[in-house]
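Novice: let me see the structure of the following:
(one chain, ligands or ions: 2)
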Amino acid sequence: MLHKIINLTVRDVRFPTSVEQHGSDAMHTDPDYSAAYVVLDTDRGLRGFGLTFTLGKGTEIVVCAVEALAALVVGKSLQEIVSDFRGFYRLLTSDGQMRWLGPEKGVTHLATAAVLNAVWDLWARSEGKPLWKLLVDMVSHRKFRSKVCVQDVITISCSVCMQKEGYPAYTTSCAWLGYPDQQLKQLCTDALKSGWTKFKVKVGADLEDDIRRCRLIRQMIGPNNTLMIDANQRWDVAEAISWVSRLSEFKPLWIEEPTSPDDILGHAAISKALAPLGIGVATGEQCHNRVMFKQFLQASALQFVQIDSCRLGSVNENLAVLLMAHKFQVPVCPHAGGVGLCELVQHLILFDYICVSASLDSRMCEYVDHLHKHFTSPVVIQDAHYMPPKDPGYSCEMLEASVQKHQYPEGDVWKLQL
Ligand SMILES: C[C@H](O)[C@@H](O)[C@@H](O)[C@H](O)C(=O)O
Ligand SMILES: [Mg+2]
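Specialist: Ligands and ions are numbered 1, 2, ... in the order given. Take a look at the predicted model:
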């Protein structure tokens, strides 16, 4: 705890995923999965690793924003930070001049997430625990018990269940928008063989294409497996309702990001119109902050909360959203994928299950099968479930060789491409 932070470095790391159309959707047709990657050095040698997810161009802007926050972190001890974490969060998000760039949204908030993710990683490492366990222990030590005094029993049984079976996941890797049908079919066949039962398909660019692709995947997975569709904000409200109604024969569980992520009342209208078809609305990967989530929940504008470990202000803000979702009894199904998002968010959803929701009803965490090999503690998936991470920290340390190779623009991968 006495570790004093003496240095912060941030690097622009990009993977050329767009070349093979991995990650492509109706709005992001050429995503290069990227990260502003932060390392905190301490006087005692312990290091903290954090990142925020980006899509290639513009990562350099997030890197600048992280650099602008560095002075607020360097020189502080971990003890100083965590003994008043709320104050520290406010310091980062409420600087009298920098908050003008947000507040708590856009580039500055992505930068805040990268820095705070590194601080949480450092804290978990200093305690020798994976982050999810640090959170679970914090809650039990503080005697955060329910009125009927059964919270401890629930926590233990939920924890045992996770160690044994893991947290249920769904896959998005089979059906990126830029994949040809043949590839979709092959990936879907492989996924079914590996035990996947829940699949997400990208839609929104062309209705006839969507009908063909959804029909194909529904035929392959059969009537009992779960299908979700994701439009990545492509439509306006009326278009969303009519388009999704046309796809309702394929029985999607949810339509994700049907329209602008800021249009709360638009989402409410879409939710209301689609409810009779048994289709819910999911959103959150581009929801700026907890205040937006509050209003989405208040307005019954979503039926699935998709927290994001790098869009919101790290663990601090995600915890607030988990608690609000619990209060409104709306299931949390985190956004993951990208680079590192699966590694990070698995900790949050484990905590949600063990200490907050104690339910797996209508809940699952996204999984995308790209880029895990670049991490020192990659996610472990067994039978379409996330197995609880065991290594200390927040699982976002990348292999130094990978960072060097993919650093933009000087890494070998980019020297060859540019
Ligand atoms: C550009 C990205 O791959 C997005 O398409 C992706 O995050 C997606 O919305 C998802 O839900 O996984
Ligand atoms: Mg999405």
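Novice: how about the residues of the stretch 151-300 of the chain by ligand 2?
Specialist: Contact residues, the stretch 151-300 of the chain versus ligand 2 (CB under 5 Å from the ion): D230, E256. Every C-beta, even on glycine, is put in place using the N, C-alpha and C of the backbone.
Novice: so which residues on this protein come close to ligand 1?
Specialist: G23, D25, H28, P31, T172, D230, N232, E285, H335, G337, G338, E366 (CB under 6 Å from any ligand atom).
Novice: helix, strand or coil: sort out L177 for me.
Specialist: At L177 the chain is in coil, as set by DSSP: H, G, I helix; E, B strand; the rest coil.
Novice: and L51, by the same measure?
Specialist: Secondary structure assignment for L51 (three-state DSSP): strand.
Novice: give me the phi and psi for the residue lying closest to D391 once chain neighbours are set aside.
Specialist: Leaving aside its sequence neighbours, D391 sits nearest to S377 (CB to CB, 6 or more residues apart in numbering; 4.3 Å). Dihedral pair for S377: phi -130, psi 70, per degrees, to the nearest 10.
Novice: now for S377, how many residues are close by?
Specialist: Neighbour count for S377, taken as other CB atoms under 10 Å: 17.
Novice: run a quick neighbour tally on the closest residue to H288 other than its chain neighbours.
Specialist: Computed as CB to CB, 6+ apart, the closest residue to H288 that is not its neighbour in sequence is K105, at 3.8 Å. Applying other CB under 10 Å, we find 16 residues neighbouring K105.
Novice: what about K105, distance to ligand 1?
Specialist: According to CB to the nearest ligand atom, to the nearest Å, K105 and ligand 1 sit 18 Å apart.
Novice: I'd say that residue and N289 touch.
Specialist: Yes - in this structure, K105 is within contact of N289 by CB atoms under 8 Å, at 6.1 Å.
Novice: OK, now which residue of this protein is nearest to ligand 2?
Specialist: D230 (4.4 Å; CB to the ion).
Novice: which one is P378 nearest to, not counting chain neighbours?
Specialist: In space, P378 is closest to H372, 3.9 Å off (CB to CB, 6+ apart).
Novice: how about S402, what does it touch?
Specialist: By CB atoms under 8 Å, 6 or more residues apart in numbering, the contact list for S402 reads V13, K373, H374.
Novice: who wins for most neighbours among the residues you listed?
Specialist: In terms of neighbours by other CB under 10 Å, the contacts of S402 top out with V13 at 27 neighbours.
Novice: buried stuff in the helix or strand of the chain with the lowest mean pLDDT?
Specialist: Counting by mean pLDDT, DSSP states H and E, the weakest-scoring helix or strand in the chain turns out to be helix 151-165, with a mean of 84. Going by neighbour count (16 or more other CB atoms under 10 Å), the buried part of helix 151-165 is Q151, T155, C158, S159, M162.
Novice: so V10, which of the three states?
Specialist: strand.
Novice: distance of it from ligand 1?
Specialist: 22 Å.
Novice: what does V345 give?
Specialist: 11 Å.
Novice: hang on, that residue packs against H335?
Specialist: Yes - assessed by CB under 8 Å, V345 is found in contact with H335 at 7.3 Å.
Novice: just the helices in the stretch 251-400 of the chain please.
Specialist: Remark: helices assigned in the stretch 251-400 of the chain by DSSP state H, counting those that start in this stretch are 264-274, 290-298, 314-327, 341-351, 400-406.
Novice: okay, the ones you listed in CSV with mean pLDDT and distance to L135 next?
Specialist: What follows is the helices of the stretch 251-400 of the chain, written out as CSV (pLDDT from 0 to 100; distance: least, CB to CB, whole Å):
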stretch, mean pLDDT, distance to L135
helix 264-274, 98, 29
helix 290-298, 98, 17
helix 314-327, 98, 7
helix 341-351, 98, 4
helix 400-406, 98, 27
